[in-house]
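Chemist: Predicted model follows, preceded by the sequence.
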Amino acid sequence: MNTDNKVIAYIHETAVIAPGARIAKNVEIGPYSVIGENVEIGEGTKIGPHVVIHGWTQIGKDCRIFQGASIGEEPQDLKFKGEKSYTFIGDRTTIREGATIHRATGEGEETRVGSDCLLMALTHVAHNCVVGNHVIMSNLASLAGHAIVEDRAVIGGMAGVHQFVKIGRNAMVGGMSKLTQDVVPYTIVDGRPAKVVGLNAVGISRAGIPLESRRNIKKAYKLLYRSGLSLQQAIAVIEQEVDSCEEVEHFLRFLRNAERGICRERREAE
């Protein structure tokens, strides 16, 4: 085991730490936890009991990892053949009891979770997923392989996200939802299959987005979902009629790259 700056880490006597693991200062590792040979743990991170961290895994600073979590283990993917792949966790992220985050399939590929995230108990992040910053995943929410979750998205409990689905910035996913298509930024979706039920006005406001930008987002949302236009037509009209700002430009980029199609709005009869 390597410890940075010769500062003692607080490691329980029953923990198993591989000789090659790199442990920064002020790290705490609880009873019966297992830290693999190629793991790097950042300064101030606290790891509870019975946590297993394997593979080529890097944990950031000041994270909290609760009992029973598994990080960097081989993916649940029949294509995986033992290749060298990676798992990265940002700073100040909390990973609760029994959560699982698997390393990527493909030589040199990675699974990544950003900073300031909260992954509640029994959540799952599969191989090759990319999770942004300030993301919340509630209990039992699961991401299948290659899913992308942008910054400040909130995923409700027991929600299931299909492989390759993208969840946009500041979106909210209702509990027990089934996601098979991309979730447009700034929207709320719910149901099985998930459909848009409105604009995430509260989330947008809490994110500190300026009032004028919020008005532009609302106008773009109405053109996309209330105008009767096709997706491509709506993109063209938004480009012409909605004042440009960073949030609207991101909205448009997301729509242009929605390869699986987007969640549509729920009709009143539904």
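Modeler: Alright, I've got the coordinates. Numbering: from 1, shown residues only.

Chemist: CA atoms for contacts and neighbours, from now on please.
Modeler: OK.

Chemist: Contacts for the lengthiest helix in the chain, please.
Modeler: In the chain, with assignment by DSSP state H, the single longest helix is helix 211-225. Applying CA atoms under 8 Å, 6 or more residues apart in numbering, the external contacts of helix 211-225 come out as 186, 199, 204-205, 229, 231, 234-235, 237-238, 242-243, 245, 247-248, 264-265.

Chemist: go again using 7 Å as the cut-off
Modeler: With contact meaning CA atoms under 7 Å, 6 or more residues apart in numbering, helix 211-225 is reached by L231, A234, I238, V242, D243, C245, E247, V248, E265.

Chemist: Could you export the residues you listed as TSV, including distance to I217?
Modeler: Listed next are those as TSV, based on distance: CA to CA, whole Å:
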residue	distance to I217
L231	16
A234	13
I238	10
V242	8
D243	10
C245	9
E247	7
V248	6
E265	16
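
Chemist: what bridges to I71?
Modeler: Assessed by DSSP bridges, I71 has beta-bridge partners I53, I101.

Chemist: ok, how many other residues are close to it?
Modeler: Counted with other CA atoms under 10 Å, the neighbours of I71 add up to 26.

Chemist: what separates it from V173, distance-wise?
Modeler: According to CA to CA, to the nearest Å, I71 and V173 sit 24 Å apart.

Chemist: Kindly report the same for V161.
Modeler: In terms of CA to CA, V161 sits 10 Å off from V173.

Chemist: which among the contacts of helix 211-225 gets closest to R169?
Modeler: Distance ranking of these against R169, using CA to CA, places E247 first at 9.4 Å.

Chemist: What strand or helix carries that closest one?
Modeler: Using DSSP states H and E, E247 maps to helix 246-256.

Chemist: hmm, who's touching that helix?
Modeler: Outside helix 246-256, the residues that touch it by CA under 7 Å, 6+ apart are P185, S213, N216, I217, I235.

Chemist: what comes up buried for the helix or strand just after the longest helix of the chain?
Modeler: Downstream of helix 211-225, the next assigned helix or strand under DSSP H and E is helix 231-241. By neighbour count on 16 or more other CA atoms under 10 Å, the buried set for helix 231-241 is L231, A234, I235, I238.

Chemist: Please save the CA atoms from helix 231-241 in CSV.
Modeler: Written as CSV, here are the backbone C-alpha positions of helix 231-241 (Å, rounded to 0.1, in the frame of the first residue of the first chain):
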residue,chain,number,x,y,z
LEU,A,231,-38.8,17.2,-34.1
GLN,A,232,-36.8,18.5,-37.0
GLN,A,233,-39.3,21.3,-37.7
ALA,A,234,-39.3,22.2,-34.0
ILE,A,235,-35.5,22.5,-34.0
ALA,A,236,-35.6,24.8,-37.0
VAL,A,237,-38.3,27.1,-35.5
ILE,A,238,-36.5,27.2,-32.1
GLU,A,239,-33.4,28.3,-33.9
GLN,A,240,-35.3,31.1,-35.6
GLU,A,241,-37.7,32.3,-32.9
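
Chemist: Just the mean pLDDT for that helix, thanks.
Modeler: For helix 231-241, mean pLDDT is 98.

Chemist: What is it packed up against?
Modeler: Applying 3 or more CA pairs under 7 Å, 6 or more residues apart in numbering; DSSP states H and E, one finds that helix 231-241 contacts helix 211-225.

Chemist: switch to 8 Å and redo it
Modeler: Applying 3 or more CA pairs under 8 Å, 6 or more residues apart in numbering; DSSP states H and E, we find helix 231-241 packed against helix 211-225, helix 246-256.
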